[in-house]
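Novice: Could you work out the structure for the sequence below:
(3 chains)
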Amino acid sequence: MASMTTTTPMTAGAAPPGTGQAPANPVLADLVVDWFGAHARDLPWRHPEAGPWGVLVSEIMLQQTPVHRVLPVWETWLRRWPTPAGLAAEPSGEAVREWGRLGYPRRALRLHQAAGAIVERHGGAVPDQLDDLLALPGVGTYTARAVAAFAFRQRHAVIDVNVRRFVARAVEGTAAGPTAVSRRDLELVADLLPADPETAARASAAFMELGALVCVARAPRCPACPVQEHCGWLAAGSPPSDAPARRPQGYAGTDRQVRGRLLAVLRDATGPVEQELLDQVWDEPVQRGRALAGLLADGLVVRCAPGVYALPT
DNA sequence: TATCCGTGGTA
DNA sequence: TTACCAAGGAT
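Specialist: Numbers count the residues shown, from 1 in each chain, chains lettered A, B, ... in the order given. Below you'll find the predicted structure:
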């Protein structure tokens, strides 16, 4: 909703009457931004030269994927396709191949589709409006806001798992559960953002970085946290989450594992592959067939001829 | 809203 | 070793 992106900046640290919460402390952002200045990682997509396209590519790649695995793929990707038009001009299968083992390869397909949409609808330039970004394939609430903030230096609440955890702890004094980002989360974070857009964009990056490096999920490094004296969760004795744990993810033996193996064969092949070769990656024929059918349905694989498969060309 | 969608690092 | 975790999105 556009209205929350323009939420008026902080009313000077006054607690909402009667809520019993800690005041939305405007000092919080300052502290975290200062910390960011001293401890931020030097990531290539944070350099101005990366441009909006570099930022968009990084955000898609970073979805559910650690930074250290994204770095090399991002470098080669941007070298090969420095513009959306370059990517859009190639077959989607090339995007899937270059994606390598980043995981969730449908992201590669959607990034390829997004590049096409950027060329068609925006003259080849990554759009700077939230609604236009959101309309791109593979771009959801988080990614649209991240690109608008980090590439175009706009003031938006950018909430990923790191920010959610940080705000739950520091502001709400609780452990974040596994639930989706809520309207309340958006309001809480919007209230933390400084009024100046550039500073707000920097604060958004800073919150994420703090969550990624200090306010981490398993063993937070509170002694190293710039906000420790203002943290409701620490003050409350670091209580565990009262929310039910999410169902274990599981991987071994799932369709996802089979899909991954099938796609790996096709990615590593230079051309079309015989069914026989694919059959070797998994013994159980029913699950194998289901996995292949899923890849075909998703457009990650095409059938060139009976019993012959390849990445889309 | 719950489930599906990869892969690899870490404790 | 198992289980958790990682800059989410689509359906």
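
Novice: ok, the spatially most central residue of chain A to DNA strand B distance?
Specialist: Against the mean C-alpha coordinate of chain A, by C-alpha atoms, centre = their mean, the closest residue is A:Gln63 at 3.1 Å. Per C-beta to the nearest atom of the strand, to the nearest Å, A:Gln63 is found 8 Å from DNA strand B. For glycine as for every other residue, the C-beta is placed from the backbone atoms N, C-alpha and C.

Novice: got a pLDDT number for that residue?
Specialist: pLDDT, A:Gln63: 97.

Novice: I'd say it and A:Tyr104 touch.
Specialist: Yes. Contact status for A:Gln63 versus A:Tyr104: in contact at 7.1 Å, counting by C-beta atoms under 8 Å.

Novice: How about the contacts made by A:Val258?
Specialist: Neighbouring residues of A:Val258 by C-beta atoms under 8 Å, 6 or more residues apart in numbering: A:281-282, A:287-288, A:290-291.

Novice: If we ignore the residues flanking it in sequence, what's nearest the residue nearest to the centre of chain A?
Specialist: A:Arg107 (6.4 Å; C-beta to C-beta, 6 or more residues apart in numbering).

Novice: Check A:Gly173 too.
Specialist: Nearest one to A:Gly173, counting by C-beta to C-beta, 6+ apart, is A:Gly232 at 2.7 Å.

Novice: How about the closest residue to DNA strand C within the stretch 1-150 of chain A, nearest residue that isn't a chain neighbour?
Specialist: Nearest residue of the stretch 1-150 of chain A to DNA strand C (C-beta to the nearest atom of the strand) works out as A:Gly140 at 2.7 Å. Excluding its sequence neighbours, the residue lying closest to A:Gly140 (C-beta to C-beta, 6+ apart) is A:Leu134, at 7.4 Å.

Novice: Just give me the neighbour total for A:Arg110.
Specialist: 20 (other C-beta atoms under 10 Å).

Novice: ok, now A:Asp42?
Specialist: 6.

Novice: The one 3 residues further on too?
Specialist: As a burial measure, A:Trp45 scores 22 neighbours (other C-beta under 10 Å).

Novice: dump the residue contacts of the residue lying closest to it once chain neighbours are set aside.
Specialist: Leaving aside its sequence neighbours, A:Trp45 sits nearest to A:Ser58 (C-beta to C-beta, 6+ apart; 3.7 Å). Contact analysis of A:Ser58 by C-beta under 8 Å, 6+ apart lists A:43, A:45, A:50, A:70, A:74.
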